[in-house]
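Enquirer: The sequence and its predicted three-dimensional model are supplied below.
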Protein chains: 8
Amino acid sequence: MHADRLKTLLQQLMAGKISEDEVISLLSAHTLEQLPYATIDHHRELRQGFPEVILCEGKTPAQVAGISERITKRSGVLLATRATARHYAAVRRKVRKALYNPLARTITANEPRKPTPGRGTVLVVTAGTSDIPVAEEALVTARVMGNPVDHIYDAGVAGIHRILSQSEKLRRASVIIVVAGMEGALASVVGGLVRVPVIAVPTSVGYGASFKGISALLGMLNSCAAGVTVVNIDNGFGAGFAASRINGEHGTGNG
Amino acid sequence: MHADRLKTLLQQLMAGKISEDEVISLLSAHTLEQLPYATIDHHRELRQGFPEVILCEGKTPAQVAGISERITKRSGVLLATRATARHYAAVRRKVRKALYNPLARTITANEPRKPTPGRGTVLVVTAGTSDIPVAEEALVTARVMGNPVDHIYDAGVAGIHRILSQSEKLRRASVIIVVAGMEGALASVVGGLVRVPVIAVPTSVGYGASFKGISALLGMLNSCAAGVTVVNIDNGFGAGFAASRINGEHGTGNG
Amino acid sequence: MHADRLKTLLQQLMAGKISEDEVISLLSAHTLEQLPYATIDHHRELRQGFPEVILCEGKTPAQVAGISERITKRSGVLLATRATARHYAAVRRKVRKALYNPLARTITANEPRKPTPGRGTVLVVTAGTSDIPVAEEALVTARVMGNPVDHIYDAGVAGIHRILSQSEKLRRASVIIVVAGMEGALASVVGGLVRVPVIAVPTSVGYGASFKGISALLGMLNSCAAGVTVVNIDNGFGAGFAASRINGEHGTGNG
Amino acid sequence: MHADRLKTLLQQLMAGKISEDEVISLLSAHTLEQLPYATIDHHRELRQGFPEVILCEGKTPAQVAGISERITKRSGVLLATRATARHYAAVRRKVRKALYNPLARTITANEPRKPTPGRGTVLVVTAGTSDIPVAEEALVTARVMGNPVDHIYDAGVAGIHRILSQSEKLRRASVIIVVAGMEGALASVVGGLVRVPVIAVPTSVGYGASFKGISALLGMLNSCAAGVTVVNIDNGFGAGFAASRINGEHGTGNG
Amino acid sequence: MHADRLKTLLQQLMAGKISEDEVISLLSAHTLEQLPYATIDHHRELRQGFPEVILCEGKTPAQVAGISERITKRSGVLLATRATARHYAAVRRKVRKALYNPLARTITANEPRKPTPGRGTVLVVTAGTSDIPVAEEALVTARVMGNPVDHIYDAGVAGIHRILSQSEKLRRASVIIVVAGMEGALASVVGGLVRVPVIAVPTSVGYGASFKGISALLGMLNSCAAGVTVVNIDNGFGAGFAASRINGEHGTGNG
Amino acid sequence: MHADRLKTLLQQLMAGKISEDEVISLLSAHTLEQLPYATIDHHRELRQGFPEVILCEGKTPAQVAGISERITKRSGVLLATRATARHYAAVRRKVRKALYNPLARTITANEPRKPTPGRGTVLVVTAGTSDIPVAEEALVTARVMGNPVDHIYDAGVAGIHRILSQSEKLRRASVIIVVAGMEGALASVVGGLVRVPVIAVPTSVGYGASFKGISALLGMLNSCAAGVTVVNIDNGFGAGFAASRINGEHGTGNG
Amino acid sequence: MHADRLKTLLQQLMAGKISEDEVISLLSAHTLEQLPYATIDHHRELRQGFPEVILCEGKTPAQVAGISERITKRSGVLLATRATARHYAAVRRKVRKALYNPLARTITANEPRKPTPGRGTVLVVTAGTSDIPVAEEALVTARVMGNPVDHIYDAGVAGIHRILSQSEKLRRASVIIVVAGMEGALASVVGGLVRVPVIAVPTSVGYGASFKGISALLGMLNSCAAGVTVVNIDNGFGAGFAASRINGEHGTGNG
Amino acid sequence: MHADRLKTLLQQLMAGKISEDEVISLLSAHTLEQLPYATIDHHRELRQGFPEVILCEGKTPAQVAGISERITKRSGVLLATRATARHYAAVRRKVRKALYNPLARTITANEPRKPTPGRGTVLVVTAGTSDIPVAEEALVTARVMGNPVDHIYDAGVAGIHRILSQSEKLRRASVIIVVAGMEGALASVVGGLVRVPVIAVPTSVGYGASFKGISALLGMLNSCAAGVTVVNIDNGFGAGFAASRINGEHGTGNG
C-alpha cells in the first residue's frame, strides 16, 4: 500500500469517516489477488516464508494453471500437489519450466538449486514399499522448501532389524518423517530411538480393518513414544511442510 | 442316557412315532442341566477338554454361586472371570475351597497342582504397567488349564531394547500372548521376532483417541507381522484359553 | 558376516571407537538386501521359518517381480498374495516356474511337494459360496508352508445341519480356519464344537450394515465360544500363516 | 366431538370461513388430552389396539405418575417401562393397584387375567444369563398385551446342543423373540430352525468390541437366516409389542 | 434315509460302536446336496416352508446357475436376488422358464399362479421414487411366496398428506413394509397409524450424512412408534420374506 | 374439491356413514397427482410458498422428465438438483424452456426475472476453490426462489485476511451461507463476525481424515460461534432453500 | 481508543516504525478485557447485537462468577448456560439480581421486560416429555434476546394427530425450533407443514442405537423436508440464538 | 557394561558359542532396571535427552511411587502426568521434594532452575477457559524440559480479534501449541498467521457431536493451514514434549 493511500485512509479514520474495522479490512486486502475462482494470498510468503501451495484435487486443470501463473509471477517458487497429468499439461502451457513428478504427483517450478545453508537433513522413512508415493510427496515438499533430504524405504517393524541397522542415518537427521500404513507401529519405534522431532504420516495402505488409513492414524496418535506428532492420512505434503518449519525457524522466533 | 431309554427312543423313531429331529433334540439334551437362569452344558468338558467358564459380568452373585456349585460338583475345575469381591463372597459360601485373585479378577477352584506334562510355556508380555491386570487374567486362565506360564511386563516399543533384551524368554515360549493398549505396536514387533504363534490382546489402556482399546485392536488386526491373531479388547481370558488350545492339541487332532 | 569383519568391529567397540548401538546396527544389517524400493529381510527365514511373503497390493508389477527374483534366489519358496494377472506376468519373466492361482490370487514357486511330516490337517470352512476366494488364499498359504489341508464350503448357520453333519472332518483337523461374512456366526458355532484352535477370518461379503466385513469382524471378536482368535477382514493369508505356526511349532519352543 | 359442533364446523367450511386444514386440525385434536408436559393420545387405543405405553427414562416420577393416572382413567391397561423404584413409588400414590417388576423394570396395572383367546405362544429365548432382564421386559410386554408366553434362557451357540434340544418349545411357538448380546449369533441359528417370525433383540451384554450392543445389532441385521427382523439394543418392550402385533392381527387386516 | 440304514445306524449306536454325536451328524446330513462350491440344504423347504433363496452377489453366473438347477429339480419354486443380467443368462441355459425382473433384480421360476388362500395383503410403501427398486425386491419376494401384494409409492413425510390420504390401503393390509432412505421417518408415521406389523427397510438413498443408509437404519431402529421391526439396509428380500412368515403362520405354530 | 362433493362428504360424516379419519384422508388427497412412480404434492406451493423440487439422484431421466412436466404445468417454477446431462436431455424434450447449469448441476425453468421486492441479499462464501460447485447449487436455489444473491469465493481461514477484507459484503448480507470442506473453520469465523443468520454447508472436499465431509460437518456443528446452523454435507440446495425461508418470511408469520 | 493514542499509532505506521499488522493488532485489542482465565470480548455486543454468553460446562464457579461480573458491568444482559446450582451460588454473590432456571439450567440477569417490538413468535416444539429441558434452554435464550416465545410439548410423530392438531400455533410462528430425540422425525414433518424457517435440535434422549443423539442428528441432517437446518445435540441455546438472529435481522442487513 | 564382560561376550560370539542375536540382547539389556511391574529404561535419557516420564493413569500410587524413586535416583528430573492427589501422596513418601500441580495434574522434582540457554519460547494458546488444564500440562512439560514458556488463554475464533490482537506474542514464539476443543478452528487460524511450527492439541471440551474431542481432532488433522501437526486428544504432555524436541535440537542432528 502506498504511503499516500495509507495517509488518506488514516485521516478518514481519525475524522470518524470510516470505522476501525474498515481500516483493518483495507489494510488486509491489498495483498490479495482476486480470480473468479480463487483469492490468492500473496502476503503468505512474507507471513510464512513460502507462497501458497496448490492442492489440485477438486480443482480443474484450468483453475490450477491460472493460479500457478499468478503465483510464479509474483513469487519465485511453485508447488502444486495431488496433480494429475492433465493438471500438469494445463500448467505447462502457462508456466513453461514447470516440472512434473508422477510418483509424488507434484508440479514444481523455480525450485532452489541448493538447500538453504545451515539446515539439517529431513529424513523420510517408510514402513513398506507401498508407502513410497506419500513419502515422495513429503520429500519433494521439503526439498522445494530448501531442506537437504534423505530417505530409508521399507523398514517396517515386522523385521525390526531393518530400522535398527540404520542408526547412522537416524542419527544424522534433524527432523524425521515416518510414513506407514497398516498399524503404523514404525512411528513409535523410531520415536523411541531418536531425540529429534518425529512427524508421523499414516497412509491408506492396507486392507480390511485398516479402514483406508484410520488404523495407522489412530496408532500414531496413541504412540507410546512421546514427541511424535501426526498429520492427516496420506498427507505427505503437510509433513514435509511442517518438517521445513521445524528445520528452518529454530531459535530465531517468527520474525 | 441309559440304554433302555435310548432303545425305546429309537424304536419310536423307526415306528415313525417321532421324527429324526426329535431324536437329535433328545440325544443332545441329556447332558444339559437346567437352572432357572442358566443352561449348564456339562458336555462341554468332553467336547472341548475344559468345563464351562463363568463370565461374572452381568450375573448376580447368587447366579454365579449357583452355577459354580453345579460345575464343581460335576467337573473338577472352576474358573470364573470378571469376578468382583461380592461374587467371590457368594461363591465361597457354596464352594469352600474357591480362591480369589483380585488383580486378575478370577475365582478358581481345583486348579491342577502341576502343568500337564509335555506342554511348552505360555509367555505373557505386556507393553506397560497398566496392562498387567489383563495379562494376569490370561496367565491365570492358561495356568488353570494346565500350562506352564511365564511373563515379561512393561516392555513396550518406545524403548525397543526392553523387548530385544528378552530374547531368551521369547525363544523358550511355545505360545506368546502380547497384551498392549495405546497403539498396540508391541504385537507386531514380537510377531516379527519369533516363530511360534502370537495372540494379541488389545487393552483399553490409553486416553483420547485410544477409544478404550479400539486403536490397539485395529493396530493388532493390521499387524504387518504375519501370524498374529487377535482377541477382543481386554479379553485376557480368551487369549489364555486360545493359547491353551494351541499348546495342548498339536498333532493329535480333535479326538 | 565374515569373522574378520566381526573381529575388527569388536576391537573397535572395546577400544571405544564405536558405540554398542553401532555394533547392534551393523550386526543387524548384514542379512538385509537393499533394493531402491524395498529392504529384503533374508534373515526372516531363519528367524521365522519362512521367507518374506509379498503383499502385491500397492506395489507395481516391476517391484513385485524384483522382490520375487531376490527371494527365490536366496530362499526356496515364493509366496505373493493379492496378485493380479499383471503382477504375475511380470514375475514370470523373472521367475519362470512361478504359478498363478486366480481364485486365491496367489503367485507361488518352489512349493514343497509334500506336507512336512508329522503335521495335522489345517481345515478351512466357509459359511457361504462367496467366501471361497478368501478361503482359498488361506488354503494355498497353509499348503505352501508345508501343511496338509482340507475344506468344507458353504456350511453357514442358517442351515445348522450343514456344519453338524461334518463332525468327521472337524474331528480330524488340528487347526480350523472359519471364513465367514455377514454376521460371522459360524465361528462361534464351530468354536463350540471342537477342541482345537479356531482362527476366524471375517470377509467383506454382505451388504448394507455388513459394512464390508466389520459386522463379521465384530461378531467374531465377540464370539461367545472361547478360544477363537481373529485376523483382519479378508486376510486369508494371515489365517493360513497363523495356522501353520500353530501346527508346526508345538512342544518345541522357538528354537 | 358432538354432532352440533361438527355441524357448525362443516357449515363454516362450506361457507369458506375456515379452511380444510383447520377442519383436519380440529377433527384430529379432540381425542388428545393436554398436560403441561405431555400430550396424551387417547385415540391410540382405537387406532392401535393398545393405549400409550410410558417410557420412564428421562421423565420425572411426578410426570410418570401424572400420565399413568390419565391413562388408567381413560383406558384399561397401564404399561410403563424402564421404571425405577422411585417412578413406581410415585405411580402407586395415584394408581393403587399398580405392580412393579424389578427385573423387567416395568410398572403394570389392569393386566388381563388370561391371554386373548386364539393366540399362539410368544417364546422368548436368551443366549445367556445376563440377557434375562431384557427378555423379561419383552415377556411382560407380550403378556400384558394378551399373549401366552414361554421362555428358554441361556441357550447360546457356544453349546449348540442347548438350543437344538429345545425343538419342542420352538415348534409350539407362533412368534419367537431371540435376545442376545456379544455376537448375537443365536438369532441366525434360531431363524434357520423355525418357520415362524423371529424378532431379534441385541443386548448391551459383552465387553470391549461388543460396543454396548452394536456388535450384536450388526450381527442380527446381517443374519444369514432370512426372515429375522431386528429392534433396537435392549429394546425388550419393542420386541414384545411387535410380537403381539404379529400374533394378534393375522388374516383380519387392520380394521 | 431308508429304514434299513437307520436301523443299522441305531444298532451301532446301542452297541457303542458309534457315538451319539455321529448319529446326529448322519441324521442331519442326508438332505444336503454337495456341489463343489455349495452345500444345498433341501431340508429347508420342510423346515421353513420355502426352499433356499440364492443371493447372487459374490457368486459367479455359473455358480448361480448350478444351484438354481438343483433347487428347481428338487423343489418347486426358485428365487434368486441381486441378480445381474449375466446371472440371468447363465440361469436360463439351465432353467428355461426362469424369468428376470430387472427393476427388482430377481430371477424367479415356478412362481405360484395365485396367492395362498386365506392370506392378507402385504403392502409395500416407499418414501420416494428412488426407493422403488428395493420395494420391488420386497414385493416380488412376498408374491413368489404366495402372498397378495399391493403398494403405495412416493409418500414421504415432507408432504404428510400423501400418506394420510391412503388410509384405505393402510387399513386393508395385514403386514406393511415401509421402504425409506434419508431419515427414514415414514416408518414411524406409518407405525403410529396402523395396528398391523410394520417392517422397516432402510435404503441407501440420500447423500452426505445419510451414510449409504445408516441414517435411515438408525432412525428406524429408534422409531418412536412401537412395534416397528427393521431389516438390513436395502434388504427388500428380507422384508418380503419376514412379511410372508408373519402373514402365513398365524395361530398354527411352527408345525 | 368442488363444493358439491364436499357437501355430500360432510353429510355422510354427520350421518355416520364415513368416519372422521376418512374425511381427513379425502380432504388431504385432492391436491395430490399420482404417477406410477411419484405422488406429486401440488399443495406444497400453497403450504410452503414453492412447488416441489426434484432431487434427480436415484431417479431415471424419464422419471425426472415426467415429474418436471407435471410441475411446470401446475406451478410456475421448476428446480431440479443433482441433475446429469442425461436428466437434462430428457427434461428438455418435455419442458422446452428448461435450462441446465452444469457447475451447479441444476435444471430450472420459469425462474423469476427479478428478485422478490424487499428481500435482502443471500451471500454465499466458500473456503476454497473446490467448494464452488456446492456454493453454486445454493446460489441458484436462492436466486430461483426470488432472492438477490452475491458471493465471496476462496476465503478460507489459513489466510484470515481474505475474509476480514470482505467486511463490506458481509455487512450488506441478510443471510450468509458458508460452504467449506476440510475442517470447516470458516463458519465459526464468519459466525463471529456478523449478526445475521449463518447457514453452514460442509463439503466432501478434503482427503484422509476429512471422511468425505464428516470432519467439516462436525466442526460446523461444534462451532464456537453461536447462531450457526448446519445442513447436510454438500447440500447446497438445502442451504439455499433455508436462506430463502429466512429471508422471505420475516415478521409476517406463516400465513 | 482515544484519538491521541490513535494519532501516535498512525504516525508510527507511516514512519515505518510499526507494521500494518501491528496496527491491526492494536486496533483489534482495545475492546478486550483480560482476566487470568478469560479474554472477554466486549466488542461482541456491537458486532453481534448481544454480549458474550457463558457456557458454564468446564468452567469453575469462580470463573463463571468472575466473567458474569464483568459482562453485567459492561453490557446489560447476562446469559449463562449449562449452569449448576453451584455455578449459580457463585454468580449470585457477584451479581445480586441473577436468576436461576433449574429446568433450563440457565442463569440470567437484566432480561428485557418485553419482547423487542415488531418481532414474530419463536415457537419451540418437542417430540416428547423428555426433550423439555433442552426446549426450555432454547426458550429462555430466545426470550432473553427479546423474542416473544410459545411452545408445543410432546407432539411426536407416533401420534401424528398431535402435531396436526396444532396448525394454529404453527401458523402464527415466525421461526420454529423442533426438539426431538430418538429418530428425530418430527423435524421433517414440521418442516413439510410450514413455510417459516425450522431449526432442528437433536436430543440425547433414547437408548441403544440412539447413540446419545447421533440417530436424531443424522435423521435431521437428512430430513426430506427442505429448509430444515440443524444445531448440535442438546444445543437448545444455539437454536434459540439462531432463531433470534433470524427473527431480528430481516431486511436490514448486518449494519 | 564392564569391558571384561564385553570381552568375554565377544569371544564367545566369535567362537560361535552365542549367536549375534544374543549379543544384541545382552548389549541392549544392561541399562534396564527391572521392577516387578515395570522395566525402567535408564538408557532413555542418553538416547532422547530426558528420562522416562510416568503416565499415572492405570497405575497404582505404589507403582508410581516405586518408579519415581528409581528415576530420581538415577536421573535428575522427574515428571509424572495425569497424577491424582493419591498418586502424589505416595510419591512424596519416597521423593520428599516432589511438587504437585493440581491444575496440570503433574508431579515434578528437580526441575531445572532456568531454561536451557539459547532456546526460544514455547507459547501455549487456548481457545477457551475450559481448555486451560490441558494447556497447563503442556506448559509444565515444556518448562520442566528446559524451555522458556508463555501463554495466551481464551482466544477462540468466535471473536477473531482476540487472537489477532496478540501478534506480538505470536511473533516472539519459536514453537506454538494450540489447545482447543469444540471445532478446533483456532489451530488453522494460528497456523495461517505464523511461520514457526504449530502443534495442535484437541481437547475433550464440548458436548453433543463434539464426541469428547473427536470433532476437534478431525478439524485439526484437516487443517487448511499447512504445517500444523497434531497430538492425541487432551495430550498436553505430548505437545509439550514435542515442542521441546523441536525447540532444542535444531541444526545439530541427533548426536
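Expert: Sure, I can see it.

Enquirer: Now the element after the least confident helix or strand in chain A by mean pLDDT, going C-ward?
Expert: Taking mean pLDDT, DSSP states H and E as the measure, chain A has helix A:20-29 as its least confident helix or strand, at a mean of 67. Sequence-wise, the next helix or strand beyond helix A:20-29 is strand A:32-35, with elements assigned using DSSP states H and E.

Enquirer: Show me how far that next one is from its chain's centre.
Expert: Its chain's C-alpha centre and that of strand A:32-35 lie 22 Å apart, by CA atoms, centre = their mean, to the nearest Å.

Enquirer: can you tell if it touches chain F?
Expert: Yes - using CB under 8 Å from any CB of the partner chain, strand A:32-35 reaches chain F at A:Leu32. Quick note: C-beta positions are derived from backbone N, CA and C, even for glycine.

Enquirer: Please, where are all the helices along the stretch 1-150 of chain A?
Expert: For the stretch 1-150 of chain A, helices defined by DSSP state H, counting those that start in this stretch occupy the ranges A:3-14, A:20-29, A:43-48, A:61-74, A:85-94, A:132-144.

Enquirer: Please identify the most buried of these.
Expert: Across the helices of the stretch 1-150 of chain A, averaging neighbours per residue (mean count of other CB atoms under 10 Å in any protein chain shown) puts helix A:132-144 on top, at a mean of 26.

Enquirer: Which other helices and strands does it contact?
Expert: Of the remaining helices and strands, those touching helix A:132-144 by 3 or more CB pairs under 8 Å, 6 or more residues apart in numbering or on different chains; DSSP states H and E are strand A:78-81, strand A:106-109, strand A:121-126, strand A:149-152, strand A:173-180, strand A:198-202, helix A:236-248.

Enquirer: Select, out of those, the one closest to chain H.
Expert: Proximity to chain H (CB to the nearest CB) singles out helix A:236-248 among the helices and strands packed on helix A:132-144, at 4.3 Å.

Enquirer: right, and A:Val167 touches B:Ile160 too?
Expert: Wrong residue type there; residue A:167 is Ser, not Val. No - at 11.5 Å, A:Ser167 does not count as touching B:Ile160 under the criterion of CB atoms under 8 Å.

Enquirer: Name the residue in those two with the higher neighbour count.
Expert: Shown here are A:Ser167 and B:Ile160; by other CB atoms under 10 Å in any protein chain shown, B:Ile160 has more neighbours (25 against 20).

Enquirer: Check what pLDDT A:His30 gets.
Expert: Note for A:His30: predicted pLDDT of 65.

Enquirer: meant to ask about A:Arg5
Expert: A:Arg5 is assigned a pLDDT of 68 by the prediction.

Enquirer: so how far is chain G from the nearest residue to A:Thr203 once chain neighbours are set aside?
Expert: Taking CB to CB, 6 or more residues apart in numbering or on different chains, and ignoring the residues beside it in sequence, A:Thr203 has A:Gly181 as its nearest neighbour in space, at 4.0 Å. In this structure, A:Gly181 and chain G are separated by 29 Å, where distance is defined by CB to the nearest CB, to the nearest Å.

Enquirer: before we move on, the earlier item: with respect to A:Val23, which of the helices and strands packed on helix A:132-144 lies nearest?
Expert: Among the helices and strands packed on helix A:132-144, the nearest to A:Val23 by CB to CB is helix A:236-248 (30.7 Å).

Enquirer: Let me know the angle separating the closest one from strand A:173-180.
Expert: For helix A:236-248 against strand A:173-180, the angle by axes from the mean of the first three to the mean of the last three CA atoms, to 10 degrees is 160 degrees.

Enquirer: What helices and strands are in contact with helix A:236-248?
Expert: Here helix A:236-248 touches strand A:121-126, helix A:132-144, strand A:173-180, strand A:198-202, strand H:228-230, going by 3+ CB pairs under 8 Å, 6+ apart.

Enquirer: Quick one: the ones you listed as JSON lines, columns for mean pLDDT too.
Expert: Below are the helices and strands packed on helix A:236-248 laid out as JSON lines (pLDDT from 0 to 100):
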{"stretch": "strand A:121-126", "mean pLDDT": "97"}
{"stretch": "helix A:132-144", "mean pLDDT": "97"}
{"stretch": "strand A:173-180", "mean pLDDT": "97"}
{"stretch": "strand A:198-202", "mean pLDDT": "98"}
{"stretch": "strand H:228-230", "mean pLDDT": "97"}
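
Enquirer: In contact with the nearest residue to A:Arg70 once chain neighbours are set aside, which residues?
Expert: Once its chain neighbours are removed from consideration, A:Arg70 has its nearest residue in A:Ile40; the separation is 5.4 Å (CB to CB, 6+ apart). The neighbours of A:Ile40, taking CB atoms under 8 Å, 6 or more residues apart in numbering or on different chains as the test, are A:32-34, A:52, A:67, A:70-71, A:74.

Enquirer: ok, for A:Ala104, nearest residue in space, not its chain neighbours?
Expert: Once flanking residues are discounted, A:Ala104 sits nearest to A:Glu136: 3.7 Å by CB to CB, 6+ apart.

Enquirer: pretty sure that neighbour contacts A:Thr126?
Expert: No - under the contact definition of CB under 8 Å, A:Glu136 does not touch A:Thr126, with a separation of 9.6 Å.
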